[in-house]
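A.B. asks: Okay, predicted coordinates and the sequence, questions at the end:
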Amino acid sequence: MNGNHPETPGRQMPACNPLAWMEEELADLARRVQERKLRQSETARADEVETAGAYTRRDGKLLMNLASNNYLGLAGDKRIHQAMIQALRGARPSPAAGAGASRLITGNYAAYTRLEQDIAAWKEREAALVYASGYMANTGTIAALVGRGDAVFSDRLNHASIVDGIVLSRAGHYRYRHNDTGHLRQLLERHQDARRKLIITDAVFSMDGDTAPLRELLRLRDEFGAMLMVDEAHSGGIYGRQGEGLCHALGIHRQVDVLMGTFSKAFGVYGAYVCGSSTLIRYLTNKSRTLIYSTGLPPAVIAGIQEALNIVRTEGWRRTRVLEAARSLRSRLRAAGLDVGEGDSPILPVIAGSNATALAFGARLEEAGILAGTIRPPTVPAGSARLRLSLTALHTEAQLDEACRQIIRNGRELGVIQ
Ligand SMILES: *Cc1c(COP(=O)(O)O)cnc(C)c1O
């Protein structure tokens with residue numbers, strides 16, 4: 001309240017600020033070097049740098065972007081932009097900015113059906129269902145698959161949207177140590193009697209860049225009569241001959257019960273899908289609340305995803321390039337003495353340890369013109385604050401050489417490299 005408003009007669013001004021506790025919580029976050037702030041990012045201009053999609057402008061400064069999930073460089077692809085513009089310009093009988101309703105009411109236009117048929121064909125499964133985002137696909141699917149009296153077995157490093165879906169489902173939540181199938185087996189044995197059992201994992205882990213032991217998880221699924229759900233958010237577009245994902249690359253895509261992936265990372269657009277048997281998709285259409293109670297995606301977004309899918313399937317050089325670039329950078333940083341994890345994906349963690357060291361590392365790189373993700377708890381376990389480097393198919397060798405030099409130099413100066 002301030003002095004500009006006349007006080008309502010007969011009402012007491014509150015004695016204290018009901019939101020005062022927020023100031024205390026924020027001060028606490030700041031003390032632990034965990035407060036986050038939104039910063040402004042703009043795309044780089046094509047005339048500024050050789051590969052604009054590999055750069056970003058932050059608070060006005062041009063930075064090499066090693067922090068995006070735009071692995072294939074498609075966010076800036078003109079063909080996708082054109083498809084999105086065309087969806088508005090060419091729409092009959094009249095263009096629509098938004099879907100206007102949830103898909104089960106009047107928001108399910110023809111482009112949705114075509115896209116879902118193409119996704120199902122690409123993934124070699126019976127049917128697919130498009131969701132508004134990966135977060136909504138995971139929460140809406142998990143909460144539909146399990147409920148009270150059921151048990152979910154989830155890798156400790158799974159994405160937050162998986163954790164939230166499990167909480168929302170009210171099922172028992174059993175977290176196994178990262179990629180530890182021995183620990184998973186113990187938990188499955190202990191909770192054999194649960195009504196339904198669901199094992200769930202990221203295919204590629206978002207903050208570590210390593211991959212799940214999917215074949216072993218399938219064996220445990222069979223042994224314990226569970227369902228298996230795999231989140232391909234960071235592996236879609238990257239693995240498989242047509243970018244189908246890690247399950248395809250391993251030849252197990254027909255056996256996994258629930259396959260989920262996003263269009264917000266390698267595809268460079270927005271949205272997500274779940275695919276599997278037609279029974280699964282019919283069931284989710286009836287039971288998945290994030291699908292039922294939320295508006296369909298705008299037609300321009302669906303058109304953008306459709307074009308991105310065509311490009312992801314056909315332009316294999318993009319996956320080859322980004323994996324090559326990641327391998328090269330990973331081996332050089334490891335040789336210099338940095339802990340870059342065990343993965344073989346476009347995501348490279350550089351473990352710094354304390355929050356303060358990770359922040360200082362990130363700030364120094366930014367000073368040197370390089371943007372890396374600075375990831376702190378609770379996103380990663382305490383004591384493993386890190387830089388998260390993510391590459392794109394657009395980074396050139398010269399750019400990566402420069403990044404490598406700066407990371408190693410600053411790692412030495414900060415004592416991350418002993
Ligand atoms: C990013 C991510 C999601 C969420 O996807 P959005 O489309 O950004 O909502 C889900 N799962 C994993 C593993 C992710 O990395």
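C.D. replies: Okay, I see it.
A.B. asks: ok, the closest residue to the ligand within the stretch 51-200 of the chain - contacts?
C.D. replies: Per CB to the nearest ligand atom, residue 134 is where the stretch 51-200 of the chain lies closest to the ligand, at 2.1 Å. Any C-beta I mention is one placed from the backbone N, CA and C, and that applies to glycine too. Residue 134 makes contacts with 159, 161, 231, 233, 260-262, 264, 272, as judged by CB atoms under 8 Å, 6 or more residues apart in numbering.
A.B. asks: From these, which land in helices?
C.D. replies: residue 161 (DSSP state H).
A.B. asks: show me the residues around residue 69 that make contact.
C.D. replies: Going by CB under 8 Å, 6+ apart, residue 69 touches 234, 264-266, 390.
A.B. asks: Pull out the buried members of the contacts of residue 134.
C.D. replies: Among the contacts of residue 134, those buried by neighbour count (16 or more other CB atoms under 10 Å) are 159, 161, 231, 233, 260-262, 264, 272.
A.B. asks: I'd like those laid out as JSON lines, including distance to residue 403.
C.D. replies: Formatted as JSON lines, the buried ones among the contacts of residue 134 follow (distance: CB to CB, whole Å):
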{"residue": "159", "distance to residue 403": "26"}
{"residue": "161", "distance to residue 403": "29"}
{"residue": "231", "distance to residue 403": "28"}
{"residue": "233", "distance to residue 403": "24"}
{"residue": "260", "distance to residue 403": "32"}
{"residue": "261", "distance to residue 403": "28"}
{"residue": "262", "distance to residue 403": "26"}
{"residue": "264", "distance to residue 403": "24"}
{"residue": "272", "distance to residue 403": "30"}
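A.B. asks: ok, residue 268 - how many residues close by?
C.D. replies: As a burial measure, residue 268 scores 26 neighbours (other CB atoms under 10 Å).
A.B. asks: Could you check how far whichever residue of the stretch 251-400 of the chain sits closest to the ligand is from residue 206?
C.D. replies: Residue of the stretch 251-400 of the chain nearest the ligand, by CB to the nearest ligand atom: residue 264 (3.6 Å). Remark: distance between residue 264 and residue 206 (CB to CB, to the nearest Å) = 12 Å.
A.B. asks: shared neighbours, the two?
C.D. replies: With CB under 8 Å, 6+ apart, residue 264 and residue 206 have common neighbours residue 233.
A.B. asks: returning to what we had before: widest-spaced pair of the contacts of residue 69?
C.D. replies: 264 and 390 (13.3 Å; CB to CB).
A.B. asks: And stretch 72-83, what's buried?
C.D. replies: Quick answer for stretch 72-83 (16+ other CB under 10 Å): 72-77, 80, 83.
A.B. asks: Now look at it and say if it contacts the ligand.
C.D. replies: No. Using CB under 6 Å from any ligand atom, stretch 72-83 stays clear of the ligand, coming no nearer than 12.9 Å.
A.B. asks: For that stretch, give me every contacting residue.
C.D. replies: 43, 51-54, 68, 70, 237-238, 243, 266-269, 303-304, 306-308, 311-312, 315, 318-319, 322, 392-394.
A.B. asks: CA atoms only for that stretch, dumped as PDB, please.
C.D. replies: The C-alpha coordinates for stretch 72-83 follow below in PDB (Å, rounded to 0.1, in the frame of the first residue of the first chain):
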ATOM      1  CA  LEU A  72      21.500 -29.000 -34.800                       C
ATOM      2  CA  GLY A  73      21.400 -25.200 -35.300                       C
ATOM      3  CA  LEU A  74      17.800 -25.300 -36.500                       C
ATOM      4  CA  ALA A  75      16.400 -22.500 -34.400                       C
ATOM      5  CA  GLY A  76      17.700 -20.000 -37.000                       C
ATOM      6  CA  ASP A  77      16.800 -22.100 -40.100                       C
ATOM      7  CA  LYS A  78      15.000 -20.000 -42.700                       C
ATOM      8  CA  ARG A  79      13.000 -23.000 -44.100                       C
ATOM      9  CA  ILE A  80      11.400 -23.400 -40.700                       C
ATOM     10  CA  HIS A  81      10.700 -19.700 -40.400                       C
ATOM     11  CA  GLN A  82       9.100 -19.700 -43.800                       C
ATOM     12  CA  ALA A  83       6.900 -22.700 -42.900                       C
END
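A.B. asks: Between the two ends of stretch 252-270, how far is it?
C.D. replies: For stretch 252-270, the first-to-last residue distance is 26 Å (CA to CA, to the nearest Å).
A.B. asks: Now do that stretch: distance to the chain's middle.
C.D. replies: 11 Å (CA atoms, centre = their mean, to the nearest Å).
A.B. asks: got the buried residues for that stretch?
C.D. replies: Across stretch 252-270, burial judged by 16+ other CB under 10 Å covers 252-253, 256-270.
A.B. asks: how far away is residue 235 from residue 110?
C.D. replies: For residue 235, the distance to residue 110 equals 30 Å [CB to CB].
A.B. asks: Same check on residue 49?
C.D. replies: From residue 49 across to residue 110, the span is 40 Å (CB to CB).
A.B. asks: Please apply the same query to residue 190.
C.D. replies: In this structure, residue 190 and residue 110 are 49 Å apart, going by CB to CB.
A.B. asks: just residue 168 next, same as before
C.D. replies: Taking CB to CB as the measure, residue 168 falls 32 Å from residue 110.
A.B. asks: Of these two, give the one with the bigger neighbour count.
C.D. replies: residue 168 (17 against 9).
A.B. asks: What sits closest to the more buried one if chain neighbours are left out?
C.D. replies: residue 143 (4.4 Å; CB to CB, 6 or more residues apart in numbering).
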